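In: no sequence on this one, just coordinates:
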Ligand SMILES: Nc1ncnc2c1ncn2[C@@H]1O[C@H](COP(=O)(O)OP(=O)(O)OP(=O)(O)O)[C@@H](O)[C@H]1O
């Protein structure tokens, strides 16, 4: 069955088209293997959280998807196209880890968000519809009243909202966000959760790197947990971070003999 109404293409079995597909992906940084054979599929409309301890490879995995990290083995497809042949980047909104994008660029909020629209602007010229999309993106993250302010003047949470507006300005079908809630104040967290809810309700596919599910938990369909560059778990999201009942949890068992290493029974550490 093929359904091309509202732009959707379903596979013959009626299952949603994979938007992201990684199979056997390996990557080294320096000489260090950081991804050691990752399989991951995100289907249209899914909201998938990529979880795992510091250094487990989450950022490297998403950066490999958008082509910022070279892979040494395996395949990556975006919207059914091998990534090296994929050119339709306006369909993908990427929000990097804020630390990698925060450095003192003297730009206004509008300038930053407008940059996110350039991929949709024909011949690089912004038209009325493009300016309207920029305004809409700013309204979505409730930053329209700060449109003319320099980004340097914003709090961490407001800065993050601007980066998300930049990704939304191109009206992407797929949103990839690396730790969108890190260092974000509670008020901004709520705005971000609401923004994401609206995107998901509108049919967006979302892959999020998270340290914990937090306020986004109700939105998450599936959690993929990495450890040491491998997929440890791919399934329902853990109910609460730090649960001992989950396989792979790191903790020292109270009855373990002195000097015993941690027993791995949970997901996130
Ligand atoms: N440019 C680099 N050169 C060498 N090693 C790197 C580089 N970038 C990251 N690494 C290492 O690769 C491993 C995986 O890093 P990555 O940032 O993907 O992990 P992460 O799961 O996203 O961690 P975090 O939660 O701390 O962001 C880490 O051990 C990190 O030190």
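Out: Cool, got the structure. This is a predicted model, so every value here is computed, not measured. Residues are numbered from 1 along each chain as shown.

In: from here on, contacts and neighbour counts on C-alpha atoms
Out: Will do.

In: what does this protein put close to the ligand?
Out: Residues of the chain lying close to the ligand (C-alpha under 6 Å from any ligand atom) are 29, 30, 34, 53, 54, 55, 56, 57, 58, 59, 60.

In: who is the first one paired with across the strands?
Out: Right, the one you point to is residue 29. On the basis of DSSP bridges, residue 29 is bridged to residue 32.

In: look up how far residue 19 lies from it.
Out: Summarising the geometry, the distance separating residue 29 from residue 19, computed by C-alpha to C-alpha, to the nearest Å, is 26 Å.

In: more neighbours: those two, which one.
Out: Set residue 29 next to residue 19 and count neighbours by other C-alpha atoms under 10 Å: residue 19 wins out with 20 against 12.

In: quick check, the more buried one in a helix?
Out: No - the assignment for residue 19 (DSSP: H, G, I helix; E, B strand; the rest coil) gives strand, which keeps it out of a helix.

In: tell me the pLDDT of the closest residue to it other than its chain neighbours.
Out: In space, and not counting its chain neighbours, residue 19 is closest to residue 79: 4.4 Å by C-alpha to C-alpha, 6 or more residues apart in numbering. According to the predicted model, the pLDDT of residue 79 comes to 96.

In: equivalent analysis for residue 264, please.
Out: With respect to pLDDT, residue 264 has a value of 39.

In: all strands of this protein, in order?
Out: Counting by DSSP state E, the segments of the chain that form strands are 18-29, 32-43, 47-52, 73-78, 81-82, 92-95, 174-178, 205-209, 222-227, 230-235, 250-251, 263-264.

In: compare those strands and give me the one nearest residue 113.
Out: Shortest distance between residue 113 and the strands of the chain, using C-alpha to C-alpha, is found for strand 92-95: 11.8 Å.

In: ok so, going back, wait, the residue nearest to residue 19 touches residue 16, no?
Out: No - with the criterion set as C-alpha atoms under 8 Å, residue 79 and residue 16 do not qualify as a contacting pair; they are 11.0 Å apart.
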